[in-house]
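J.: Provided below for reference: sequence and predicted model.
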Amino acid sequence: MTDSNIRPEWTPNDAGQEFASQVMKGVIGGHDGLSKLTNTGQAPRRKIDVAVYADGVLAGNRAMLARAITLVESNAPHHLQSAQELLQRLLPHTGQSIRIGITGVPGAGKSTFIDTFGSYLTTKGYKVAVLAIDPSSSVTRGSILGDKTRMENLSRDENAFVRPSPTGGMLGGVARKTRESMLVCEAAGYDVILVETVGTGQSEITVRSMVDFFLLVLITGAGDELQGIKKGVIEIADALLINKADGDNKIPAQTARSEYNRVLHFLTSATDGWTTRAHTASALTGEGIENIWNVIQEFRLNTTKSGVMESRRQEQLREWLHTVVENQLIDFFFRHPNIQSALPNIEEAVMSGEMPATAGAQSLLKLLMADE
């Protein structure tokens with residue numbers, strides 16, 4: 001091997017040893033137990049033992065819980081069957097937790113509130129799982145996943161599990177597999193499941209459709225009173241929380257609480273038999289945290305007695321089924337050979353104005369049905 005072979009191609013011809021970067025030849029394979037075919041770039045797939053995953057989750061193994069959620073979140077076709085088999089094994093051990101959705105405008109302190117609220121719950125003997133949904137870039141599909149940095153206490157708590165997940169571009173800021181992730185956490189023995197959304201304010205109904213209790217976190221002095229009403233998020237909330245009610249902001253927060261309660265008086269509650277009210281709290285001092293937990297417990301008791309809780313969860317399962325069917329139909333549609341063959345030409349015709357979009361869609365659907 002000559003010196004020119006081990007330097008990057010951009011290295012100047014007259015360069016000396018000051019260039020630290022060098023390129024080493026690849027390994028043919030057959031080392032450390034790897035196959036001789038490793039030089040093809042195709043890493044051997046490790047068979048997933050679903051029974052081991054299930055046993056680990058049921059035993060409360062946090063590492064196995066994280067791996068199980070990664071499995072159900074995977075979009076890889078070869079993971080789908082294993083993920084569904086795992087969920088089938090875990091389903092009998094789910095349904096005992098209280099599922100709480102938390103949303104709010106950016107800057108309302110949702111993550112800080114969850115950190116304080118979750119830490120309060122763990123001191124009371126509860127196990128808390130947080131599914132923190134991070135916004136995905138529309139360009140790269142990547143996410144910062146910085147929620148753990150804003151939940152320092154929970155991230156270190158043995159009775160808490162914090163799982164940041166990207167939205168994947170889903171409307172409303174909810175990851176596609178959040179429902180399955182909640183079931184896995186419940187099977188692992190977590191009593192309280194907190195789902196933090198992006199807080200876009202436009203489609204939080206998606207969160208409403210998967211949780212028992214929906215909490216809207218707001219702050220004063222940022223126009224949130226008007227924005228919250230305009231977006232209609234208040235109408236689907238079971239409680240409003242005016243956060244950062246401390247110091248000089250304590251009195252304005254109490255004033256905002258009164259204003260919201262006047263507005264709520266004229267709105268239909270999101271849950272039958274329950275009156276939505278506004279409350280104040282401070283994630284910084286902890287004041288009001290116990291009160292909001294008491295509100296949630298009262299909600300759970302009332303809706304369980306009335307049967308509203310069971311009815312809501314059954315309806316959520318029905319909606320879940322329909323959503324999964326829709327997603328799989330869309331996936332099937334775009335993977336179909338006839339569609340993949342005709343789609344580029346129809347797209348070009350629609351973009352050039354030669355064909356209406358509706359006519360293009362009908363043409364594609366006819367191709368799909370003609371093959372059936």
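T.: The structure has been received and is ready for your questions.

J.: can you tell me the helix or strand for the residue lying closest to Asn159 once chain neighbours are set aside?
T.: With CB to CB, 6 or more residues apart in numbering as the criterion, Asn159 has its nearest non-adjacent residue at 4.3 Å, and that residue is Thr122. C-beta: built from backbone N, CA, C; applies to glycine. Taking DSSP states H and E as the definition, Thr122 sits inside helix 110-123.

J.: same question for Val217.
T.: strand 213-218.

J.: what does Leu321 give?
T.: helix 308-335.

J.: ok, now Ile296?
T.: Ile296 belongs to helix 289-306, assigned by DSSP H and E.

J.: could you do Val162 as well?
T.: Following DSSP H and E, one finds Val162 within strand 160-166.

J.: surely Leu240 forms part of a strand?
T.: Yes - counting by DSSP: H, G, I helix; E, B strand; the rest coil, Leu240 is found in a strand.

J.: if it is in a bridge, with which residues?
T.: Beta bridges link Leu240 to Leu216, Ala278, judged by DSSP bridges.

J.: before we move on, what about Ile102?
T.: Glu196, Leu215.

J.: for it, give its distance to Ile193.
T.: 11 Å (CB to CB, to the nearest Å).

J.: same question for Gly109.
T.: Taken as CB to CB, the span from Gly109 to Ile193 is 20 Å.

J.: tell me which of these two has more neighbours.
T.: More neighbours surround Ile193 than the other of Gly109 and Ile193, with 25 against 22 (other CB atoms under 10 Å).

J.: can you tell me the SS state at the more buried one?
T.: strand.

J.: ok, it to Lys366 distance?
T.: 44 Å.

J.: re earlier: what angle do the helix holding Leu321 and strand 213-218 make?
T.: With axes from the mean of the first three to the mean of the last three CA atoms, to 10 degrees defining the directions, helix 308-335 sits at 80 degrees from strand 213-218.

J.: name the nearest residue to Arg99, sequence neighbours excluded.
T.: Val211 (4.3 Å).

J.: can you give me phi and psi for that neighbour?
T.: Per-residue torsions, Val211: phi -120, psi 170 (degrees, to the nearest 10).

J.: how many neighbours does it have?
T.: Count around Val211 with other CB under 10 Å applied: 24.
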